[in-house]
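K.L.:
Sequence first, predicted coordinates after that:
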Amino acid sequence: MSSCKIIQDKNDFLKKLAKERAFVFNIDSSLSTEKITGISFCLSDAETFYLSPDKKSLTKLKPIFENRKIEKWGHDLKQSIKLLSQNGIDIQSITFDTAIAAYLLNPGARNYNLETLASTKLQKEFPLPEKNASPDDLLEYSRQSALIIWQLKEALLPELEEANLLKLFKEIELPLLPVLAEIENNGVKINSTILENASKKVTIILDELAKKIYKMAGEEFNLDSPIQLRKILFEKLGLKTQGLGRGKTGVSTSAGDLQKLKKAHPIAGEMLQYRELAKLNSTYLEALPKLIDKKTGRIHADFNQTVTSTGRLSSSDPNLQNIPTKGEFGKVIREAFIAPAGTKILAADYAHIELRIIASLADDEEMIRAFKNGEDIHSQTASKIWGIDLKDVTPEIRRAAKTINFGVTYGMGAKGLAESAEISINEAREFIQKYFEVYEGVSNFLRETKEKAYDLGYVETIFGRKRYLPEIFSPIPMVKAEAERMAINMPIQGTAADIIKMAMIKIHRDLPKVSPRSKIILQVHDELVFETPEKDLEKVAKFVKDAMEKIIKLKVPIIAEMKVGDSWGELKKFVIHNS
DNA sequence: AGACTCACG
DNA sequence: ACGTACGTGAGTCTC
């Protein structure tokens, strides 16, 4: 590693940089202040340079970073894009990100930091600096990391080509990077008073529930401790544990199992209420107000691009993809996600996207006809499975059909269906059998997908995103069955992820022309959320709906449902008028 | 650090 | 006889 050359003079370096065809850069920043503390570079002849940026050098860097003819390579560049953007630099032509490349090559790895990649891809030890490292050591580490990134890029590019992942990389994942950076920089406005008031109410209810439960238990205990609850339920109160789930430490007290205990003892119902409210209070009502950024007054979550095995995004710090939707207080929490004065929240949801993808991938005649028909898909499924008229489908029957439609995308078994649809295992077996008679193409598709996983060791989406499943060759039936379910689910969930990512890229590119002040603020797997000036609502809704529905042509129509409101919690269907 | 539980799609 | 529906992230308890 000592072979790399070092440029000494800043102006010489900037002149040289401007003439490069491509370079690696790596930004160091302070975690607390989010300020750029240094930028290391690696140039074409393995020369490295470390820049302590001041106003002047950032000004000189701007035209270089914004020059579309100079390619920029880096590692985990989203944070860098955000930092540059906050300094008025709109970076162009990012053509390699080593973290994303490594993720596409093996999306199950979970860890794509430089230290790990240097070891696995370059057989090099590149340890993190010691805790008591000197400033010189840190500078040297930063410079070395730029060189490592260059070498990783050289190693990963042919691997992407070999695995046929280059198109996915260039056309979806890299263009998505600045979209995610912008979503994170945009953030979402929160009315913390709504959350604080709701938390006060919930705390009072929780106190009352606690008193009730202590009385029923005959003693006080920690309601948040599953172990203590287990002792109360099964030792002190002597409730039967038959038919209940088991974990590694004993009988489960999960919501599903408490539900089964409701008939045996009223304490179960009270615990269910306690759990529901305690969850909302600690995870959302109390937590979210603390995460409002003092500078922007908004919450800026992370949208992670290299986490999931299927190609979905994930969200963290905080997770804005699991904000409650159900119940009285669930609605209140969403009502705290507000649109600033003069704007509205606009939400666009793909309707039954995964089921449409199955219909298309499986080329299932019956399911394709159902979607083309435009009627409610679950009712149609119910009508066909039970051979009854559409008008005779009761809500109960429809609910069962909905469960089975969902279950198909997960590779369900009779037992799982029986549990979640609250029917007997025999009934579940019968439903599944009839389902595969009605949707024969789906049945064949699921079988072929498992066979493909076994032949190739991986499965893939329509865009060639791959998930490797070595467990499919396991001699242990349970391990193999698990891999088969993952094999079934990934092409469906992953294709949906590909599709919404493509839509996000198109929308991000063209939205400023339609409505320069509109912002993408959230992505929740099949939903995009925008903040839009009221006067632009009609044209933005029209543009977004059109972009989402036409981003790819399947064998069935793709439908995006539009909603609008003053907050994420009070959205009403938005009807687009014909022009 | 791991287990449990539960919020979302 | 049995542990079986996919993908996440976070708060809390326990050791």
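P.N.:
Cool, got the structure. Computed from a prediction, not measured in an experiment: that's the story for all the values here.
K.L.:
in the biggest helix by length in chain A, what counts as buried?
P.N.:
The longest helix of chain A (DSSP state H) is helix A:477-514. Within helix A:477-514, the residues that count as buried by 16 or more other CB atoms under 10 Å are A:480, A:482-484, A:486-508, A:511, A:514. To be clear about C-beta, it is placed using only N, CA and C from the backbone, and glycine gets the same treatment.
K.L.:
filter these down to the ones near DNA strand B?
P.N.:
A:Gln493 (CB under 7 Å from any atom of the strand).
K.L.:
Quick check on A:Glu427: phi, psi?
P.N.:
The phi/psi pair for A:Glu427 (degrees, to the nearest 10) reads phi -60, psi -40.
K.L.:
what stretches of chain A score poorly on pLDDT?
P.N.:
A:1-8, A:579 (pLDDT under 70).
K.L.:
Kindly state the domain boundaries assigned to it.
P.N.:
A:5-186, A:192-290, A:354-491 (automatic domain parsing).
K.L.:
For A:Ser314, give me phi and psi.
P.N.:
phi -130, psi 160.
K.L.:
distance of it from DNA strand C?
P.N.:
Distance, A:Ser314 to DNA strand C, using CB to the nearest atom of the strand, to the nearest Å: 3 Å.
K.L.:
A:Thr306 is in contact with that residue, correct?
P.N.:
No - look at A:Ser314 against A:Thr306 with CB atoms under 8 Å: they stay out of range, at 9.3 Å.
K.L.:
which one of the two has more residues nearby?
P.N.:
The neighbour count for A:Ser314 versus A:Thr306, taken as other CB atoms under 10 Å, is higher for A:Thr306 (21 against 14).
K.L.:
ok, and the closest residue to A:Gln259 other than its chain neighbours, which helix or strand is that part of?
P.N.:
Distance criterion CB to CB, 6 or more residues apart in numbering; nearest residue to A:Gln259, sequence neighbours excluded, is A:Leu272 at 7.0 Å. Per DSSP states H and E: A:Leu272 is located in helix A:267-280.
K.L.:
Can you give the distance of that helix from its chain's centre?
P.N.:
With CA atoms, centre = their mean, to the nearest Å as the basis, helix A:267-280 stands 28 Å off its chain's centre.
K.L.:
how about that helix, does it get close to DNA strand B?
P.N.:
Yes - using CB under 7 Å from any atom of the strand, we find that helix A:267-280 touches DNA strand B at A:272, A:275-276, A:279-280.
K.L.:
Is any residue of whichever helix or strand comes after that helix near DNA strand C?
P.N.:
Using DSSP H and E, the next helix or strand after helix A:267-280 towards the C-terminus is helix A:287-290. Yes - residues of helix A:287-290 contacting DNA strand C under CB under 7 Å from any atom of the strand: A:Ala287.
K.L.:
got the CA coordinates for helix A:287-290 in CSV?
P.N.:
Taking C-alpha atoms only, helix A:287-290 is exported to CSV below (Å, rounded to 0.1, in the frame of the first residue of the first chain):
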residue,chain,number,x,y,z
ALA,A,287,-39.4,8.7,20.1
LEU,A,288,-40.3,10.8,17.0
PRO,A,289,-40.3,14.3,18.6
LYS,A,290,-36.8,13.8,19.8
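K.L.:
just checking, A:Gly250 touches A:Leu229?
P.N.:
No - counting by CB under 8 Å, A:Gly250 does not reach A:Leu229; the two are 10.9 Å apart.
K.L.:
Which one's more surrounded, these two?
P.N.:
Shown here are A:Gly250 and A:Leu229; by other CB under 10 Å, A:Leu229 has more neighbours (21 against 13).
K.L.:
quick one: the more buried one and A:Thr253 touch, right?
P.N.:
Yes - using CB under 8 Å, A:Leu229 is in contact with A:Thr253, at 5.0 Å.
K.L.:
Need the residues touching each of those two.
P.N.:
Residues touching both A:Leu229 and A:Thr253 (CB atoms under 8 Å, 6 or more residues apart in numbering): A:Met271.
K.L.:
buried stuff in the helix or strand containing A:Lys153?
P.N.:
Under the criterion of DSSP H and E, A:Lys153 resides in helix A:135-162. Within helix A:135-162, the residues scored as buried using 16+ other CB under 10 Å are A:138-153, A:156-157, A:159-160.
K.L.:
Return a PyMOL selection command for the buried portion of the residues of helix A:267-280 next to DNA strand B.
P.N.:
To isolate the buried members of those in PyMOL, using 16+ other CB under 10 Å:
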select buried, chain A and resi 272+275+276+280
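K.L.:
Report the separation between the closest residue in space to A:Val564 that isn't next to it in sequence and A:Gln321.
P.N.:
In space, not counting the residues next to it along the chain, A:Val564 is nearest to A:Phe574; the distance is 4.2 Å by CB to CB, 6+ apart. Separation of A:Phe574 from A:Gln321 (CB to CB, to the nearest Å) stands at 22 Å.
K.L.:
again with A:Asn222
P.N.:
For A:Asn222, the distance to A:Gln321 - CB to CB - is 30 Å.
K.L.:
When the two are compared, which one has more neighbours?
P.N.:
Counted by other CB under 10 Å, A:Asn222 and A:Gln321 do not tie: A:Gln321 has more neighbours, with 17 against 9.
K.L.:
Appreciated, that's everything.
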